[in-house]
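K.L.:
I'd like to go over a predicted model; first the sequence, then the structure.
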Amino acid sequence: MEDLEALRQKVLKYQLRKAEKGAEGYTRILLQLFGSAGHGKSSLINSCKYVLEGTKFETPAQVASGHQSQGGLTTCRTTYVLTDTITMVDNRGFGKMDSYETEEIYAQLANILPLDETVSWNKPFADIAKSCLMNSEMTYTDLVVPLYVYSAEEGLDKSRAEEIKTFLTNAQRMTGFLPIVVITKTSCEKVQQVHQQFQNIGIESIFKVENYTPNNNSKTLGKDKQFLLILTEVLSLVDFRMEQHIDLKVEHNKRLQDLVIMANDREVKKAIEDTIRKMEKEQQNKKPEKKAWCTLS
């Protein structure tokens with residue numbers, strides 16, 4: 001139990017180091033959770049708070065259940081304070097993982113969308129990028145660490161893993177961190193196969209957890225340790241990044257530029273795809289010309 005308490009105190013007492021003279025400093029760690037709806041992001045937040053606070057189990061982050069589980073309940077970027085230094089962010093889960101959803105998530109991970117406000121998936125990415133530029137001074141001192149939450153019950157084949165790899169690579173581009181992957185529902189028989197697929201696409205930090213829930217919150221040593229190991233891994237990544245003495249404003253502006261480039265690229269691609277679809281539709285709807293019949297005299 002001493003090791004467990006040492007891990008807990010390391011998280012509770014962690015402070016961001018002062019920046020070097022003349023450099024801007026980070027003011028807090030934003031641990032941003034993202035992933036498909038219903039995969040356990042909210043439950044992970046509840047579990048981390050339960051382990052750290054050592055009080056009775058509560059559900060500050062509302063959890064989907066029953067028929068809601070596939071749709072998720074989080075509709076805004078909700079913040080939950082873990083310590084004076086660490087805040088967890090429960091981002092809205094995506095469903096189809098189409099361009100609208102992934103683009104908005106990139107903007108969330110770049111931390112240039114407002115916190116604790118409803119997230120809409122129907123805004124063009126170019127509009128999001130413009131809004132980002134207008135509000136860019138607000139959030140550059142937050143150190144964003146991404147956590148990708150994935151349920152083992154979903155399974156993970158090779159083609160899907162490659163799709164997720166592209167998504168996580170862009171998440172790294174937006175934050176500077178290769179995302180930590182947290183696999184939930186570990187009692188599922190697919191868990192080892194899912195774990196292997198994430199290893200195959202190059203993820204370095206992978207954790208397998210069974211979240212505490214209202215119906216299953218009896219504490220165990222193994223569960224508590226896993227949640228604390230996730231949080232201490234976050235702190236190790238932060239320490240590594242702080243050693244690089246990055247200029248925050250320069251990095252933040254680069255994220256904005258990347259988003260604008262991504263917006264332009266996607267808009268051009270969408271315009272081309274729309275044109276192709278329009279041409280194909282016109283071709284399909286085009287009636288064949290009637291042949292003129294003639295007779296020999």
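P.N.:
Arrived safely.

K.L.:
quick one, phi/psi of the residue nearest the centre of the chain?
P.N.:
The residue lying closest to the centre of the chain (C-alpha atoms, centre = their mean) is residue 34, at 2.7 Å. Backbone dihedrals for residue 34, given as degrees, to the nearest 10, come out at phi -140, psi 160.

K.L.:
and if you look at residue 81?
P.N.:
As for residue 81, its main-chain torsions (degrees, to the nearest 10) stand at phi -80, psi 120.

K.L.:
could I get the full set of helices for this structure?
P.N.:
Remark: helices assigned in the chain by DSSP state H are 2-13, 41-53, 99-109, 125-134, 158-175, 191-200, 221-242, 248-285.

K.L.:
hang on, the earlier thing: and the closest residue to the residue nearest to the centre of the chain other than its chain neighbours, how far is that from residue 178?
P.N.:
Spatially, and ignoring its direct neighbours in sequence, residue 34 is nearest to residue 91 (4.7 Å; C-beta to C-beta, 6 or more residues apart in numbering). Quick note: C-beta positions are derived from backbone N, CA and C, even for glycine. Distance of residue 91 to residue 178, given as C-beta to C-beta, to the nearest Å: 18 Å.

K.L.:
related to what we said a few turns ago, got a pLDDT number for the residue nearest to residue 34?
P.N.:
Note for residue 91: predicted pLDDT of 77.

K.L.:
returning to that earlier point: closest to residue 28 out of the helices of the chain?
P.N.:
helix 221-242 (10.7 Å; C-beta to C-beta).

K.L.:
elements contacting that closest one?
P.N.:
For helix 221-242, the helices and strands in contact under the criterion 3 or more C-beta pairs under 8 Å, 6 or more residues apart in numbering; DSSP states H and E are helix 2-13, strand 28-34, helix 41-53, strand 142-151, strand 180-184, strand 206-208.

K.L.:
okay, and for this protein, where does confidence drop off?
P.N.:
Counting by pLDDT under 70, the low-confidence segments of the chain come to 1-2, 18-24, 63-75, 94-101, 113-114, 116-139, 263-274, 276, 286-297.

K.L.:
before we move on, back to that, what count of nearby residues applies to the residue nearest to residue 34?
P.N.:
When neighbours are defined as other C-beta atoms under 10 Å, residue 91 has 24 of them.

K.L.:
now swap in residue 3 and tell me
P.N.:
Neighbour count for residue 3, taken as other C-beta under 10 Å: 10.

K.L.:
one more: residue 275?
P.N.:
10.

K.L.:
quick check on the residue nearest to residue 34: phi, psi?
P.N.:
When read as degrees, to the nearest 10, the backbone of residue 91 gives phi -80, psi 150.

K.L.:
from residue 242, how far out is it?
P.N.:
Plainly put, residue 91 is 24 Å away from residue 242 if you go by C-beta to C-beta.

K.L.:
next one: residue 103
P.N.:
The value you get for residue 103 to residue 242, if C-beta to C-beta is used, is 29 Å.

K.L.:
among the two, which residue is more densely surrounded?
P.N.:
Remark: of residue 103 and residue 242, residue 103 carries more neighbours, 22 against 16, as counted by other C-beta under 10 Å.

K.L.:
quick check: the gap between the more buried one and residue 259.
P.N.:
For residue 103, the distance to residue 259 - C-beta to C-beta - is 9 Å.

K.L.:
also residue 50?
P.N.:
35 Å.

K.L.:
of the two, who's got more company?
P.N.:
residue 259 (25 against 22).

K.L.:
that one contacts residue 105, correct?
P.N.:
No: contact criterion C-beta atoms under 8 Å: residue 259 and residue 105 do not qualify, at 11.6 Å.

K.L.:
re the thing from before, export the helices of the chain to CSV and tack on distance to residue 215?
P.N.:
Output for those, formatted as CSV (distance: least, C-beta to C-beta, whole Å):
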stretch, distance to residue 215
helix 2-13, 24
helix 41-53, 11
helix 99-109, 30
helix 125-134, 38
helix 158-175, 30
helix 191-200, 20
helix 221-242, 14
helix 248-285, 41
